[in-house]
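> Here is a sequence together with a model predicted from it:
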Amino acid sequence: MDARQLKIEAAREALGHVEDGMKLGIGTGSTAEEFVRLLAVKVGEGLSIIGVPTSERTAALCTELGVPLSTLDETPRLDLTIDGADEIDPHLGLIKGGGGALLREKIVAAASSKMIVIADASKLVDTLGRFPLPIEVNPFGLGATRAAIEDAAARLGLKGELTLRMTNDAPFVTDGGHFIIDASFGRIPDTRALSDALHAIPGVVEHGLFLGLAKAAIVAEAGGVRTVRPAV
Ligand SMILES: O=C[C@H](O)[C@H](O)[C@H](O)COP(=O)(O)O
């Protein structure tokens, strides 16, 4: 089974959690897009849902495929969010934001009664941090924010390259108009401490550590699809 097929299998299993009448958060990325494609088929067959997309990219795909959309202003409480992830640890702590959508993804997940992550097994790790942590920052004061991130990380014993994400020759700009710094800290033993430290920096808008948000992960691998619950 190739990588795309694994994403489709995880997305198909997640579709089984979608009930008629649900208000759905709809994630971003290649795995979430497979979910949108399968969801659109169900909508075409008569499933009634309303979706809140986590990015302009997801919104465009939903619109193209006929998935009805709302906003968090019109629909502030959601039943379920289905989204991908860049890394998943045994407690279902996540790193997200490889596609730059972490801020809207976190707002949407936090507005949902339940978040289910869909992924192939390559995303499972013992400890988060192999994937560089995306940190969304305000363009104003970029140098100072970067230095503050370095200092905060050093206090936690973390160091590594902080790379401003680029598209061609210009900084990558998120849907919210911010920049992203990808932080290659390596293993992050205390994700909660890093999350709190990053939130304390004024120029940091949000970061890609999703802690305590996912209630289940649907993981596809060659041998089949399994649902992972948070380790206690
Ligand atoms: O910003 C993007 C998101 O957090 C994605 O959900 C994440 O990067 C996983 O994407 P993919 O399913 O393409 O691996």
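Perfect, thanks for sending it.
> For the spatially most central residue of the chain, give its distance to the ligand.
The centroid of the chain falls nearest to residue 96 when counting by C-alpha atoms, centre = their mean (4.0 Å). Relative to the ligand, residue 96 is positioned 3 Å away (C-beta to the nearest ligand atom, to the nearest Å). Every C-beta, even on glycine, is put in place using the N, C-alpha and C of the backbone.
> Is it correct that that residue is in contact with residue 135?
No - with contact defined as C-beta atoms under 8 Å, residue 96 does not reach residue 135; the gap is 11.8 Å.
> tell me, what's touching these two both at once?
Residues touching both residue 96 and residue 135 (C-beta atoms under 8 Å, 6 or more residues apart in numbering): residue 208.
> what sits against the residue nearest to the centre of the chain?
The contact partners of residue 96, by C-beta under 8 Å, 6+ apart, come to 83, 84, 85, 86, 102, 105, 106, 134, 208, 210.
> Adding secondary structure and pLDDT, write these out as TSV.
Below are these laid out as TSV (DSSP: H, G, I helix; E, B strand; the rest coil; pLDDT from 0 to 100):
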residue	secondary structure	pLDDT
83	strand	98
84	coil	98
85	coil	98
86	coil	98
102	helix	98
105	helix	98
106	helix	98
134	strand	99
208	coil	98
210	strand	98
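> List buried residues within those residues.
83, 84, 85, 86, 102, 105, 106, 134, 208, 210 (16 or more other C-beta atoms under 10 Å).
> Now narrow those residues to whatever sits close to the ligand.
83, 84, 85, 86, 102, 105 (C-beta under 6 Å from any ligand atom).
> and the strand ranked longest in the chain, which strands flank it?
The longest strand of the chain (DSSP state E) is strand 214-221. Here strand 214-221 is paired, per DSSP bridges, with strand 115-120 (parallel), strand 224-228 (antiparallel).
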